[in-house]
Each structure stands twice: as C-alpha cells, then as structure tokens.
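Q: fold the following, please.
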Amino acid sequence: MERLSYATLEKAGYDGYLLKSAPERVLQFGEGNFLRAFVDYFIDRLNEEAGFNGKVCLLQPIPGADALRDAINAQNGLYTLYLRGFEGGKKVNAKRVISSVSRCINPYVDFKAFLANASNPDLRFIVSNTTEAGIAYDPACRLEDAPPSSFPAKLTRFLYERFRLFGGEKGKGFIILSCELIDHNGRELKKCVERYIADWGLGEDFARWVDGENVFCSTLVDRIVTGFPRAEAASINEANGYVDDVIDTGECFGFWVIEGPQSIAAELGLDKTDLPIIVVDDHTPYKQRKVRILNGAHTSFVLGAYLKGFNIVRDCMNDDGVRGFMEDTIYNEIIPTLDLPEADLKDFAHAVTERFKNPFIDHRLLDISLNSVSKWRARCLPSVKGYFAKFGRPAKNLSSSFRSLVEFYSRGERWNEAHNALEAKRGDETYLVRDDAKVLEWFLANRALPLDELVAKCAANADFWGEDIRAYL
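A: Modelled structure (predicted):
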C-alpha cells in the first residue's frame, strides 16, 4: 500500500474535506497526539466551516524524537483522526483526514528554518503544549543558543526575531494560546518571557511591543486523547487502503476555553461554526467546572468502587449503584457549589457520564488512584467546603468518598521497594497504593487504628489538607 498523501487520496477518490494549500497562520510548539487530535482538528474544522484558510507549522519540542517529524513530513502533514466514544446513547467512531498541518520542523537540527517563520506576515497564532514542566524559567538559557533549551526561551527568541524583522509594526504580534495543564498557563508563560527579556537585555522597546502587540491567553483544554492505536493500526490501514504512520485517536468530547478579547473569536471565525470553542474574559469558572465535576467525580467514586470489586470506569457506569452514587454526588453536592448557569453545569455533567461510558477506553481505577490524597484535596475538598458553607451540613457522598480514600490507603500492609508504593489487599488480590512517600509512610504508621479513628485522624492532618477538615465531614 502507498503512504498517505494528497496524491494517494486523489487516486482513491477520497471525497472528504482537504485543504491542499494555504498560508501558515499557526505556529505550534508540539507535534504530539494531543495537539493533533485537539488544536489541529479544530483548525481543520475552522478551515472547512469558517474559511479560516490557515495551515499549522509544527515544531518538535525536544531533540532526538525525529521519527514522528519524519513521518508527518512524509505524509504531507496529513493524518487520519478517529474520534470515538459514546454520544447520545450511541457508540460513535468518526473518521476524518486532517489536512490543516503543513510540515514539522526540528529546531535543534534546523534552527534557521524555525526562525524563518518569524518573517511570515500571515503568521498570527502560536499554540503550545509542552507538558506541565514546559512553562518554566531556565536561567541557563542564552539568547545566542540555537535553540535555547526551554520553551519560554525559544518563544522569547522567536518574538525578538519577529520584532527585529518588522520593527514593532502594529498588527504583527501574536495571539499565544497556551494549552499546558497548569493554572493560568498564559499568564505564567508571559512571566517567563518577561524574565528572559530582562536577563538578556533586549530593551524597553521590545518589552513594550511584547506587552502591547501580543496576547498571552490562558486556556482550558478538555479531551481525552488515546493516540496511536498500535494494536489496530494494521487493520485500520488495510481498511483505508493506505499506510498512515501517525494515526491519532481520541474521545468525541472536546471543549476549548480561551481567555482573551472577543476579537480572537472574530479572527478564528467562531461565529460561522458550532465548534465547542469559546472566548471569555475569565476561564476560571470553566476550569473549576472541569476540576470539580469531571475530575472530582473520578476521585469521589473510584476508590470505593475499586474496594467493591470494580476495575474499569466503564464497568462502574454500567452498575446502577456506582453510577447512581456518582450522579447524586455531581448533581446534588457539587453543582450547587458552582457559579456557572445550572443548565450549563447539568449539560456538562451529562457529558461526563457518557465520557465515562466510552467503549474504546479501558480506564483503570488503579491508574486513577495515583496520588489520590492531593487529588482529593484539589478536586473534592472545595466542593465539600462549598456545600458545608451553603447548607450548614456535611455532603453525605463526598464524606463517604473521604472514608473510602482512607480505607483504600489503610489496607497498605508493607512497603514495595521496587515500585515505591504500599502493597495492599482486596480479597485475595494485591494492589499497589501509589502516592508521595510521606503520605504512604503516615498511613503505614497509623494503619492499625480502627477505621473510624483513622478517618478522624486523617481529616485532622493539616499537612494533607491545609487545615483540619473534620468539621466539614
């Protein structure tokens, strides 16, 4: 079979949407599965539905990972995306050939090609997903590095090249969309850039241009991306009649919240499509909704469900008892503590149940259990406190989830050196409790206490929760 390309698709009589040529309007730091199933998918849809007419130039963020870059370039930037899940009570497996990507550059091999993008007058958007550790200041980076190692340093060097070429001309700045999973990602990225400007002595004129002509947007991204379907790739290629080495897969649900001026929505053409992308003054309520409902739901039921014998999230959703507990928690204990319109919150909650039913994802409860103490503090405790403040009594289900957490950890009997975890028992099965060493040591030291006493002692541990939370439970 031939490799996926525009020529291959033409021979096959492909009748889907394809954008063969367009100016590169987006520079993307990151070529991985998530951005290609999320941002590049949305750009592809905007090209088709809103006349965005833009290609995305991908940048390889780390050295030594050339295989993906080479495969993307060998396929003219094309790849097949499958969005799969459970929607409207039905199983969905939607295929789309993505044509929004133009090429992929490795700046560690071809730094000049990276900088050359700064001379492109059509370039307007910069997108990044360089992992949670990507937005960090590294004092070792220098202006003359080719390239600097940190992402913020690379971005600063690129912005400086843009400023140097266009002389601070109005309209030549960028809309910068940070997708890293940290709080206020755009704001934190701008702080790093400003530090490099000062440390590298790039001048007040450049600093003013960066501040006045560039918009650093904090964003919330929401889609589970399962990536290359290794076990299915051969059969997928056989069915398609071409070889695609960068197939991508993800769930159907997707939602992108961009914090910034409404002019961004106009530039993207969001009024011409029904894509789940919104531009708002403050993305915080939407992040709170995701953390408290989606992540909070996970954390509130998985440990108790595991102790009852369940192993996969989907199986939990097919059990009336576990699903009922989760939905009662969301609708009656979490949603009343949130500030967005109730209809929006309930629509999101309904989508969460369908996402958890996804027949294409085997989401293991033990995988979700990792670092549950810090997760419960971030995801569940705000709802516990909010419910208590509003109603003057403990939230029954969330309090029960705390008890399940303590029981799950307290079953740890001995230290497993190989995994830095506690070995625990569920019936005849052994499972691993994985968390920070200090957390695990505390539970191991206190496991002999009766469960009621251990729950109270754990709730009183301000090192875990930031305060004594016994009154809320």
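
Q: alpha carbons only for contacts and neighbour counts from here, please
A: Noted.

Q: can you pull out the low-pLDDT segments for the stretch 301-450 of the chain?
A: Low-confidence segments of the stretch 301-450 of the chain (pLDDT under 70): none present.

Q: can you give me the helices in it?
A: Using DSSP state H, counting those that start in this stretch, the helices of the stretch 301-450 of the chain run over residues 313-317, 320-329, 342-356, 365-368, 372-379, 381-391, 396-410, 437-446.

Q: these: which one's closest to residue 14?
A: helix 342-356 (30.5 Å; Cα to Cα).

Q: name the surrounding residues that touch that closest one.
A: 85-89, 251, 253, 289, 293-294, 313-314, 317, 330-331, 335 (Cα atoms under 8 Å, 6 or more residues apart in numbering).

Q: stretch 458-466 now?
A: So stretch 458-466 is contacted by 373-374, 377, 406, 439, 467-470 (Cα under 8 Å, 6+ apart).

Q: make it 10 Å
A: Applying Cα atoms under 10 Å, 6 or more residues apart in numbering, the contact partners of stretch 458-466 are 373-374, 376-378, 381, 402-403, 406, 438-439, 442-443, 446, 452-454, 467-473.

Q: just the buried members of those?
A: 373-374, 376-378, 381, 402-403, 406, 439, 443, 454, 468-469, 472-473 (16 or more other Cα atoms under 10 Å).

Q: what's the closest of those residues to residue 65?
A: Closest to residue 65, out of all of the buried ones among the contacts of stretch 458-466 and judged by Cα to Cα, is residue 374, at 32.5 Å.

Q: contacts only, for that closest one.
A: For residue 374, the contact set (Cα under 10 Å, 6+ apart) comprises 380-381, 435-436, 439, 464-465.

Q: same question, residue 144
A: By Cα under 10 Å, 6+ apart, residue 144 lies in contact with 157, 200.

Q: tell me how far it lies from residue 154.
A: 11 Å (Cα to Cα, to the nearest Å).

Q: got the helices of the stretch 301-450 of the chain as JSON lines, with distance to residue 175 columns?
A: JSON lines is the format used below for those (distance: least, Cα to Cα, whole Å):
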{"stretch": "helix 313-317", "distance to residue 175": "38"}
{"stretch": "helix 320-329", "distance to residue 175": "39"}
{"stretch": "helix 342-356", "distance to residue 175": "27"}
{"stretch": "helix 365-368", "distance to residue 175": "34"}
{"stretch": "helix 372-379", "distance to residue 175": "30"}
{"stretch": "helix 381-391", "distance to residue 175": "33"}
{"stretch": "helix 396-410", "distance to residue 175": "40"}
{"stretch": "helix 437-446", "distance to residue 175": "41"}
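
Q: for residue 8, find the nearest of the ones you listed.
A: Per Cα to Cα, nearest to residue 8 of these: helix 342-356, 34.4 Å.

Q: now do the buried residues in that closest one.
A: Quick answer for helix 342-356 (16+ other Cα under 10 Å): 345, 348-349, 351-356.

Q: which residues touch the helix or strand hosting residue 68?
A: According to DSSP states H and E, residue 68 maps onto helix 66-74. Residues outside helix 66-74 that contact it (Cα under 10 Å, 6+ apart): 3-5, 31-32, 58-60, 77-79, 101-106, 109, 244-246.

Q: care to break the chain down by domain?
A: Per the record, the chain has its domains at 6-281, 285-472, by automatic domain parsing.

Q: where do the strands sit along the stretch 101-250 of the chain?
A: Along the stretch 101-250 of the chain, the stretches classed as strands by DSSP state E, counting those that start in this stretch are 101-105, 125-128, 175-178, 215-222, 248-251.

Q: and the contacts of the third one?
A: What that stands for is strand 175-178. 26-29, 123-130, 135, 155, 184-190, 213-221, 258-260, 264, 267.

Q: kindly recompute the last result at 7 Å.
A: 124-129, 185-186, 214-219 (Cα atoms under 7 Å, 6 or more residues apart in numbering).

Q: and what of the longest one?
A: With contacts defined as Cα under 7 Å, 6+ apart, strand 215-222 is touched by 174-179, 184-187, 190, 254-260, 283, 287.

Q: for PyMOL, write the selection for the buried entries among those residues.
A: Applying 16+ other Cα under 10 Å to the contacts of strand 215-222 leaves a buried subset, and the PyMOL line that selects it is:
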select buried, resi 174+175+176+177+178+179+184+185+186+190+254+256+257+258+259+260+283+287
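
Q: let's see which of the contacts of strand 215-222 end up in helices.
A: 185-187, 190, 287 (DSSP state H).

Q: name the nearest of those relative to residue 427.
A: residue 287 (38.0 Å).

Q: name the nearest residue to the closest one, ignoring sequence neighbours.
A: residue 220 (6.3 Å; Cα to Cα, 6 or more residues apart in numbering).

Q: count of neighbours near the one you found?
A: 24 (other Cα atoms under 10 Å).

Q: is it bridged to anything, and to what?
A: Using DSSP bridges, the bridge partners assigned to residue 220 are residue 257.

Q: sorry, back to before: now the ones in helices among the contacts of strand 215-222 as CSV including distance to residue 54 and pLDDT?
A: Output for those, formatted as CSV (distance: Cα to Cα, whole Å; pLDDT from 0 to 100):
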residue, distance to residue 54, pLDDT
185, 25, 96
186, 23, 98
187, 26, 97
190, 25, 98
287, 28, 96
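
Q: distance to residue 44 for those - can I get that in CSV?
A: Shown next, in CSV, are the ones in helices among the contacts of strand 215-222 (distance: Cα to Cα, whole Å):
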residue, distance to residue 44
185, 24
186, 23
187, 27
190, 28
287, 25
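
Q: closest to residue 65 out of those?
A: Nearest to residue 65 among those, with distances taken as Cα to Cα, is residue 185, at 25.0 Å.

Q: hang on, the earlier thing: closest to residue 228 out of the strands of the stretch 101-250 of the chain?
A: strand 248-251 (4.9 Å).

Q: which residues does the closest one contact?
A: Taking Cα under 7 Å, 6+ apart as the rule, strand 248-251 contacts 33, 37, 80-85, 223-229.

Q: so which of those are in helices?
A: With helices defined by DSSP H, the entries of the contacts of strand 248-251 inside them are 33, 37.

Q: dump the residue contacts of the nearest residue to residue 323 once chain neighbours are set aside.
A: Nearest residue to residue 323, sequence neighbours excluded (Cα to Cα, 6+ apart): residue 317, at 4.9 Å. Residues near residue 317 by Cα under 7 Å, 6+ apart: 323, 356-357.
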